[in-house]
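1. only the shape, not the letters, is given here:
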């Protein structure tokens, strides 16, 4: 005869009268529905199959040149190829992109032009003597 399954740890735990029941042991949050347990079991089975496949490739006496880890491939794809869910062009990002691309260029153009104008003004006033330079 098959006996009933033993009660869960959450059901057996009785809180001390001086200490309240921790949230992890609350039966309402700890005991899940059969659908959720089945989904967790399926995910665990998939993880164990992927782990077994990876370990078989890793411990193969004649391993392939590249051992492919499906989780790593999914992560690399999500980080490099699948950019749209993590970035959306908005006016703010467009402005910031233009500022970071054109800002330094325009800054250095203004600095060099101001320096050249200042030097030219001093040359015209006779306060600056041009040094002889072959290259510049």
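-> Nice, I can see it. Remember, predicted model here, so these are calculated numbers, not experimental data.
2. shaky segments in this structure?
-> Applying pLDDT under 70 to the chain flags the ranges 1-2, 8-15, 21-31, 82-83, 85, 136.
3. show me it divided up by domain.
-> 16-87, 89-128 (the TED database).
4. residue 3 is nearest to which of those domains?
-> domain 16-87 (19.5 Å; Cβ to Cβ). C-beta here means a position set from N, CA and C on the backbone, and glycine is covered the same way.
5. between the two ends of that closest one, how far is it?
-> From its first residue to its last, domain 16-87 covers 51 Å (Cα to Cα, to the nearest Å).
6. repeat for stretch 54-70
-> 9 Å.
7. can you list the buried residues in it?
-> By 16 or more other Cβ atoms under 10 Å, the buried positions in stretch 54-70 come out as 54, 69.
8. so how far is that stretch off the chain centroid?
-> With Cα atoms, centre = their mean, to the nearest Å as the basis, stretch 54-70 stands 26 Å off its chain's centre.
9. just to revisit the earlier point, got JSON lines for the domains of the chain, with distance to residue 5 too?
-> Below are the domains of the chain laid out as JSON lines (distance: least, Cβ to Cβ, whole Å):
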{"stretch": "domain 16-87", "distance to residue 5": "12"}
{"stretch": "domain 89-128", "distance to residue 5": "54"}
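10. to residue 6, which of these lies closest?
-> Per Cβ to Cβ, nearest to residue 6 of the domains of the chain: domain 16-87, 13.2 Å.
11. returning to what we had before: between the domains of the chain, which one is closest to residue 4.
-> domain 16-87 (15.4 Å).
12. could you pull out the helices in this structure for me?
-> 9-12, 27-30, 34-58, 70-80, 91-125 (DSSP state H).
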